[in-house]
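J.: Give the three-dimensional model of this entry:
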Amino acid sequence: MAKKKIGFYIMGIGNGHITQAKIVYSILEKHYDIPITIFVSGNEKKEFREIFPNSNYLHYKIFADEGDMDKLNTIKSKFKSLLSYAKPYNLNEIIKIFNLDLLIGFWCIGFNDILTQKLIKPYLCIAPQYSVDNKNINLIANLSKKQVIPISIDDNNKYSDHKLPPLIDIKEIKKEKSEKNIVLAYAVNGIDFMNTLNQIAIKNEDYEFHFFYRKAPNYNFNKNVFYHKTSRIEFKEYFKIAKCVLCTSGNELIYECVYNKIPVATMASNKNQFEQVHNQNKFINKFKYAIKMDKNLDIDELTKIDVITSNLDLKKKIDNREYQVLNLIKKFI
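T.: Numbers count the residues shown, from 1 in each chain. A predicted model of the protein is given here:
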C-alpha cells in the first residue's frame, strides 16, 4: 500500500518553529511520504533548502520579518503582519499538485486561502501560541477555527483538546570544562535585554558574557561583554562550556538548557511582546524551568541552582513523544 502524503507549511521567522517542524518530520518520515515543505518568511535563507533534503521546497515571501515580530504593538509592524496574512498561497493547488492527504502548519495559517475557499484536506496547525491569552491570537484562532485544527505545545490549548509535548532536539550536548567563567547570552530582539545584560555584567566582573545577536548592536557594553553574530555552530561551542544562560523568553533555548542541566534566567524581549511575556511567566512561575533575569541577578547564585527536578520533569514529558505525535496524526489522515 502506498504511503499517505503530508505537506509541511513552516513559519521561517523564529528558530523554534523550524525546530518543531524538524522534530515532527523526523518522526513522520518513517511512516508517511512528505513530498513538499513550504517556508514562509520575509527573507529566504539558504539553510531552508537544506533542512529537509528528501522533500521538494517552496518559499513564500511575506512583508513581516524578525523585527516586526518583536514590535507587534506598533502600527507599522501590525500593518506589515496584516499584509503578510492577506497574501494568497494557493494551498488547495499545493494539495492537488503533491496529492497530499494532510497539511501540517507550524504557526502558518494562510488566511486568504482559508477565508476565501474550503480546503480540500485537513489542516493541522502546531504552535505554542495556542496557549497564549491575547486578543490578536484569539482573532487568528477564531477566524481560522472552521478549517484549521489547533495543536498547542506543552501547555493548555484554548481552542481544542489537542496538544503535544515539547518539540525540542533531545540530543544531549556534552559539557566541557573551561578555565574561564563563561555566561552565554542570547536575545531575539530588545534594547531592554541589552541594558539588563550590561548591568548584570558590571556587577559580576568575574564572568565573561558572550552575547549572541542577529546584528552588531550600537551599544557601549562593559568590557566583560563580548558580541557574536548569531551562529548555530559557534553558539553550541559556547553552550558546551557555559556556566549558565541568559536569554529572551522564546521556547527552544530554555528547553534546551533544562534538558542539558544548564541554569537559565530569562526576560521578555519587550514588555509589549505578548508571546514573550506569556513565555516568561510560563517558564518562571508555572514550570519553574527558569528564574527572572533582572539587573540584580547574581550569577554565582544562578549557577548554584538545582536543575535536576526541572530536567526530570521535562524528560518525563517527552518520554513517549513519538507515540503522541503519531497518534495525533492518525486521527486526521
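J.: What number of residues are in the vicinity of residue 294?
T.: 11 (other Cβ atoms under 10 Å). Every residue, glycine included, has its C-beta placed from N, CA and C.
J.: quick one: pLDDT of it?
T.: Residue 294 is assigned 97 on the pLDDT scale.
J.: any idea how far it lies from residue 204?
T.: 13 Å (Cβ to Cβ, to the nearest Å).
J.: Check residue 175 too.
T.: Taking Cβ to Cβ, one finds residue 175 at 21 Å from residue 204.
J.: The two: which is more packed in?
T.: residue 204 (19 against 13).
J.: Hmm, residue 301 and the more buried one touching each other?
T.: No. The pair residue 204 / residue 301 is not scored as a contact, 10.2 Å apart, by Cβ atoms under 8 Å.
J.: Domain parsing of the chain, as residue ranges.
T.: 5-168+319-330, 182-316 (automatic domain parsing).
J.: lowest-confidence stretch among these?
T.: Among the domains of the chain, domain 5-168+319-330 has the lowest mean pLDDT, at a mean of 86.
J.: What number of residues are in the vicinity of residue 247?
T.: 24.
J.: Helices of this structure, residue ranges please.
T.: 15-28, 46-51, 66-69, 75-86, 91-97, 111-116, 135-144, 191-203, 232-241, 252-259, 274-281, 299-303, 308-317, 321-330 (DSSP state H).
J.: winner for burial among these?
T.: The highest mean neighbour count among these, using mean count of other Cβ atoms under 10 Å, belongs to helix 252-259: a mean of 24.
J.: list the helices and strands that helix packs on?
T.: helix 15-28, strand 244-248, strand 264-267, helix 308-317 (3 or more Cβ pairs under 8 Å, 6 or more residues apart in numbering; DSSP states H and E).
J.: next one: that helix to chain centre, how far?
T.: Helix 252-259 sits 11 Å away from the centroid of its parent chain (Cα atoms, centre = their mean, to the nearest Å).
J.: So what touches it?
T.: Contact partners of helix 252-259, identified using Cβ atoms under 8 Å, 6 or more residues apart in numbering, comprise 15-16, 19, 166, 168-170, 172-173, 186, 239, 245, 247, 263-264, 266, 279, 283, 289-290, 307, 310-311, 314-315.
J.: what are the C-alpha coordinates of that helix, in CSV please?
T.: Presented in CSV, the C-alpha positions along helix 252-259 are these (Å, rounded to 0.1, in the frame of the first residue of the first chain):
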residue,chain,number,x,y,z
GLU,A,252,13.6,26.5,22.2
LEU,A,253,16.7,27.7,24.1
ILE,A,254,15.1,27.5,27.6
TYR,A,255,14.0,23.9,26.9
GLU,A,256,17.5,23.0,25.7
CYS,A,257,19.0,24.5,28.8
VAL,A,258,16.7,22.4,31.0
TYR,A,259,17.4,19.3,29.0
